[in-house]
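Visitor: here you go, sequence then predicted model.
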Amino acid sequence: MADDYSSAIENEPSGIVNVSRRRFVQGLGGLALGVYLAPLMMGRASAATRPGHAGFEPNAFVRIGTDDTVTVIAKHIEMGQGSYTGLATLLAEELDADWSRVRVEGAPADVKRYKNLFLGVQGTGGSTAMANSFEQMRKAGATARAMLVSAAARQWKVSPDSLTVSNGVVHHPASGRQARFGQLAVAAAKLPVPQEVRLKDPKDFTLIGKAGLPRKDNTDKTDGRAVFTQDVKLPGMLVAVVAHPPRFGGTVKSVDASKAKAIPGVVAVVPYSGTAHTFAGVAVLAKNTWVAKKGRDALDVQWDDSHAFKLGSDKILAQYRQAAAKPGLIAHQAGDIDAAFAQPAKLIEADYQFPYLAHAAMEPMNCLVRLQGGRCEVWNGEQFQTVDQATIAHQLGLAPEKVSITQLYAGGSFGRRASPFSDYLSEAVAIAQAAGKQGVHAPIKLVWTREEDTRGGYYRPLFFHRARLALDSAGNLVGWHQHLVGQSILAGTPLEGFGVKSGIDATSVEGAAEPYDIPNRRIELSTPRNITVPVLWFRSVGHTHTAFSTETMIDEAAVAAGKDPVEFRRALLAKHPRHWGVLQLAAEKAGWGTKLAPGAAGEKRGRGIAVHESFNSYVAQVAEVTVKPDGSFKVDRVVCAVDCGLAINPDVVKAQMEGGIGFGLAAALHGAITLKDGVVEQSNFHDYPVLRINEMPAVEVHIVRSAEKPTGVGEPGVPPIAPAVANALFAATGRRIRKLPFGDQLKTA
Amino acid sequence: MVKFTINGKAHSFDGDPAMPLLWYLRDELAMTGTKYGCGMALCGACTVHLDGQAVRSCVTPVSAAGGKKITTIEGVDAERVGRAVQDAWRKLQVVQCGYCQSGQIMTATALLAANKNPSDADIDAAMSGNICRCGTYVRIRAAIHEAARALT
Ligand code: FES
Ligand code: FES
């Protein structure tokens, strides 16, 4: 990724003026053929014919230039989770490429070639990027390797079996001949694509599993050159800064734009309508962001709230409490719950509250669109490329292939840029359409300020859990009854079929009471239909709340049974060796059972543990806390053990655990979006605080050695941290926290 | 007319002097390494140096830069400390999404220019104005120590 700005770009077809061309090659002239797992598109490889890109393009995922550059095409977005590095590692491993010559480019939106094999759409979510690509990318690399080897064998008139490949060079050891990939690329491009290739024995991996392999985005992101949506500029482009209605579902009644239009540089003021799932609003268009924002701030808009959502968080919570007192739909049932609770030796009852949470990615939502010549071009970092493509095509009455998407880096997302309704993208299109009707035909870059981003909805849903646990006289956990109340993420979306069965949204209950072996168990769910605050997956989705209630209640049960929390879990995890494996590892590495070093005078210290599986990965964390006499506290250290199958990039796995802990702590300590009469009360980082460095514990990550298939790492680091810290705070103070965020709860007597 | 240098190059500006430096850099000069995150001096994504001091360019009007030397992420490697910080960042693979990292590097560079051997507490104090939503803080701390070592 060593392109420089100076190579930009008068003749680049997409017309970007400020970024390097090679990152934005669109409409791949050489027509990469989807050779793998796309039977309809089987065929011969084609030589890349784009000028300046002579070389070899054996399939949809790799291009090898005559300059030896190996370009990996990434079907998954890079939003920090390391997908570009991981995908490149898989392909380069089987290709035996020189890692330093491998670069990564985002794939265009094309479901035929680039769908997520688990999701069926081109998209990134559920921590599936590596898992679904594991064979696909390796086969792509192995196929390219086989063709390069064939090309060399023909040239040298030797058997392909007599050749070896390493670091981007094909060798013929018998004769000492060798050729670099770039020297073979043109010849390889003329060969048929082999239908069968052998993949390496994992013991021969040199890149997969290698510690310290440099991330592919490492350099660009330390010198300011990485390009995010926020950074793209097209000729004639206008920036749109918008005013949104204060309540979800509000519309524009009237606009007095006179003051805004008087500001020099304001080009147009554009009211636009929304849908049930996207904002209506008023956009101010200008050449630069600051002028557009000044214009927006000068607008005088009257909003129509007659159909808007008007409840506050307190009312929502009160309704949920009532719902929890009545029977819900049964999501899981085992044994005889009534018998278990008839005469329990010990009974634990607990209510849990979880607020709405905003993703608050550092790059606020934004999207660049150009409507021109019966096409729509989109530049964005987004998780759901072909969902967005279809939505925008429908909105514009175009065929999907008339909507192209250039995939950029996203400055975080955490689920927010995986919008089933394509909310902010659709909004950009609506503004461009409305501007067109005013005669303003220009590429439009919608940028939400932090305030729109914070108030923009699509939150982690507010949840209420009511739970009771029964223990018998021997201290065995014999009954678990839990009722969860909260909005469905999937219901009513185009993805409903993926996860809603008999009225139960799997993402509402995933992880509840899991995986413990409890003879009598009932999980109920109530899904309020009248609460229409837009909600969405938030890094680790349902596990953000279910892991908390499950892992803190297990801790309570252990205490009630007079047992050590790790030992207590062991008995309940007999059938779950991977859970037990990480739990044991984290406990051992943290020195579980040893005495914590004492704090300063008056300080109390405590250690807590939690384990949780999400997205087929297993994570246990031990947290150590210090509580000051005034009830304020600090998380000092976290020891984390993760079993994610084969760790493709151990360093990325570690980074995701560290980051997941930081992200989970932000929600645990501070995160809360609240509504007052339907209006979001927070707006920026002063009233929606996230984690800062002074609150970040020391983190130690241990990866379980495993030969199992790789599973997700983007999300699974998040769920255990909040319960581990809550359990540690209990160990230190004897007080249970059941309402999130923790905030100052320990400060009140 | 406001005059200043950016990364050693002379510039002059005769637009609205109230315009925040952030938008001048990004929208007028296409120097997009400096990021917008909050617009209220709350997140540090927009951090640049004015005569070596770390400032939040989202709340710094262009007029305040008059006669001063501005350094941005695009030019921070011209100085030894900035280069060491970037090297340490790469060595320890600090970045995730990367959006906050220009600001982190600019603040870290200003810290190390003023304090050659910061403790964890010094780092936390100096860096707490820079949010990283991806939670790269563990590595930021380690990378600042690493850069400090490399500079001695
Ligand atoms: S954008 Fe300037 S501090 Fe956040
Ligand atoms: S790396 Fe993503 S916000 Fe810091």
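Guide: That came through fine. Ligands and ions are numbered 1, 2, ... in the order given.
Visitor: does stretch A:706-713 reach chain B?
Guide: No - judged by CB under 8 Å from any CB of the partner chain, stretch A:706-713 stays clear of chain B, getting no closer than 11.9 Å. Glycine gets a C-beta too; all of them are placed from N, C-alpha and C.
Visitor: quick one: buried residues of that stretch?
Guide: By 16 or more other CB atoms under 10 Å in any protein chain shown, the buried positions in stretch A:706-713 come out as A:706, A:710, A:711, A:712, A:713.
Visitor: pull the CA atoms of that stretch into CSV?
Guide: Below are the C-alpha coordinates for stretch A:706-713, written out as CSV (Å, rounded to 0.1, in the frame of the first residue of the first chain):
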residue,chain,number,x,y,z
SER,A,706,-6.1,-25.1,18.7
ALA,A,707,-6.4,-26.9,15.4
GLU,A,708,-10.2,-26.3,15.2
LYS,A,709,-11.4,-24.1,12.4
PRO,A,710,-11.0,-20.4,13.0
THR,A,711,-13.9,-18.5,14.6
GLY,A,712,-14.7,-14.9,15.2
VAL,A,713,-12.6,-12.5,17.3
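Visitor: excluding chain neighbours, what is closest to the closest residue to ligand 1 within the stretch 601-749 of chain A?
Guide: The nearest approach of the stretch 601-749 of chain A to ligand 1 comes at residue A:685, 7.7 Å away (CB to the nearest ligand atom). Leaving out its chain neighbours, the residue that sits closest to residue A:685 by CB to CB, 6 or more residues apart in numbering or on different chains is residue B:42, at 4.1 Å.
Visitor: up against ligand 1, what does chain B have?
Guide: B:36, B:37, B:38, B:39, B:41, B:42, B:43, B:44, B:45, B:46, B:56, B:58 (CB under 6 Å from any ligand atom).
Visitor: mind redoing it with 8 Å?
Guide: Contact residues (CB under 8 Å from any ligand atom) of chain B with ligand 1: B:22, B:35-47, B:56-59, B:103, B:129, B:131.
Visitor: which of the residues you listed fall in helices?
Guide: Judged by DSSP state H, those include B:22, B:103 as members of helices.
Visitor: among the buried residues of stretch A:706-713, which pair sits farthest apart?
Guide: The largest distance within the buried residues of stretch A:706-713, taken as CB to CB, falls between A:706 and A:712 and amounts to 13.7 Å.
Visitor: now do the shared contacts for these two.
Guide: Residues touching both residue A:706 and residue A:712 by CB atoms under 8 Å, 6 or more residues apart in numbering or on different chains: residue A:644.
Visitor: for residue 83, what are its contacts?
Guide: Because you didn't say which chain, this covers chain A. Neighbour list for residue A:83: A:74, A:76, A:77, A:124, A:129, A:130 [criterion: CB under 8 Å, 6+ apart].
Visitor: actually chain B
Guide: Counting by CB under 8 Å, 6+ apart, residue B:83 makes contact with B:76, B:77.
Visitor: do whichever strand or helix holds it and ligand 2 meet at all?
Guide: Per DSSP states H and E, residue B:83 falls inside helix B:80-91. No - interface with ligand 2: helix B:80-91 contributes nothing (CB under 8 Å from any ligand atom), its closest point being 10.7 Å away.
Visitor: and that helix, how far from the chain's centre?
Guide: The gap between where helix B:80-91 is centred and where its chain is centred comes out at 13 Å by CA atoms, centre = their mean, to the nearest Å.
Visitor: using PDB, write out every CA atom in that helix.
Guide: Provided in PDB are the C-alpha atoms of helix B:80-91 (Å, rounded to 0.1, in the frame of the first residue of the first chain):
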ATOM      1  CA  ARG B  80      13.100  12.900  15.300                       C
ATOM      2  CA  VAL B  81      10.500  12.500  18.000                       C
ATOM      3  CA  GLY B  82       7.600  12.200  15.600                       C
ATOM      4  CA  ARG B  83       9.500   9.700  13.600                       C
ATOM      5  CA  ALA B  84      10.200   7.600  16.700                       C
ATOM      6  CA  VAL B  85       6.600   7.700  17.700                       C
ATOM      7  CA  GLN B  86       5.400   6.500  14.300                       C
ATOM      8  CA  ASP B  87       8.000   3.800  14.300                       C
ATOM      9  CA  ALA B  88       7.000   2.600  17.700                       C
ATOM     10  CA  TRP B  89       3.300   2.600  16.600                       C
ATOM     11  CA  ARG B  90       4.200   0.400  13.600                       C
ATOM     12  CA  LYS B  91       6.400  -1.900  15.600                       C
END
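Visitor: mind listing what's buried along it?
Guide: Neighbour-count burial for helix B:80-91, counted by 16+ other CB under 10 Å, picks out B:81, B:82, B:83, B:84, B:85, B:86, B:87, B:88, B:89, B:90, B:91.
Visitor: out of those residues, who's nearest ligand 2?
Guide: Among those, and counting by CB to the nearest ligand atom, the member closest to ligand 2 is residue B:89, at 10.7 Å.
Visitor: mind listing what the closest one touches?
Guide: Here residue B:89 is in contact with A:222, B:95, B:101, B:105, B:143 (criterion: CB under 8 Å, 6+ apart).
Visitor: residue A:343: what secondary structure?
Guide: Of the three states, residue A:343 takes coil according to DSSP: H, G, I helix; E, B strand; the rest coil.
Visitor: what's the neighbour count on it?
Guide: Number of residues near residue A:343 (other CB atoms under 10 Å in any protein chain shown) recorded here: 10.
Visitor: what's the end-to-end length of stretch A:392-402?
Guide: Using CA to CA, to the nearest Å, one end of stretch A:392-402 lies 10 Å from the other.
Visitor: for stretch A:469-477, same thing?
Guide: Criterion CA to CA; first-to-last residue distance in stretch A:469-477 is 7 Å.
Visitor: ok now that stretch, how far from the chain's centre?
Guide: How far stretch A:469-477 lies from its chain's middle: 39 Å, per CA atoms, centre = their mean.
Visitor: same deal with stretch A:426-434?
Guide: Distance, stretch centre to chain centre, for stretch A:426-434: 25 Å (CA atoms, centre = their mean).
Visitor: residue closest to the middle of chain B?
Guide: Centroid check for chain B by CA atoms, centre = their mean gives residue B:106 as the closest residue, at 2.5 Å.
Visitor: sec struct for that one, please.
Guide: helix.
Visitor: which residues touch the residue in the stretch 51-200 of chain A that ligand 1 sits nearest to?
Guide: Nearest residue of the stretch 51-200 of chain A to ligand 1, counting by CB to the nearest ligand atom: residue A:80, 18.0 Å away. By CB under 8 Å, 6+ apart, the contact set of residue A:80 is A:410, A:412, A:413, A:659, B:95, B:96, B:97, B:98, B:134.
Visitor: near ligand 2 too, which of the residues you listed?
Guide: Restricting the contacts of residue A:80 to those touching ligand 2 (CB under 8 Å from any ligand atom) yields A:412, A:659, B:95, B:96, B:97, B:98, B:134.
Visitor: mind listing what the residue nearest to residue A:534 when sequence neighbours are not counted touches?
Guide: Nearest non-adjacent residue to residue A:534, counting by CB to CB, 6+ apart: residue A:457, 3.6 Å away. By CB under 8 Å, 6+ apart, the residues touching residue A:457 are A:248, A:423, A:533, A:534, A:535, A:680.
Visitor: around chain B, which positions in the stretch 151-300 of chain A sit nearby?
Guide: Within the stretch 151-300 of chain A, the residues that sit near chain B (CB under 8 Å from any CB) are A:212, A:214-215, A:217-228, A:230-231, A:233, A:239, A:264, A:287-290, A:293.
Visitor: now, which of those residues lie within helices?
Guide: Per DSSP H, helices hold the following members of those: A:289, A:290, A:293.
Visitor: re earlier: dump the buried residues of stretch A:706-713 to TSV, plus pLDDT, secondary structure and distance to residue A:630.
Guide: Listed next are the buried residues of stretch A:706-713 as TSV, based on pLDDT from 0 to 100; DSSP: H, G, I helix; E, B strand; the rest coil; distance: CB to CB, whole Å:
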residue	pLDDT	secondary structure	distance to residue A:630
A:706	95	coil	44
A:710	93	coil	45
A:711	94	coil	42
A:712	92	coil	40
A:713	95	coil	37
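Visitor: chain B: which of these is nearest?
Guide: residue A:713 (11.9 Å; CB to the nearest CB).
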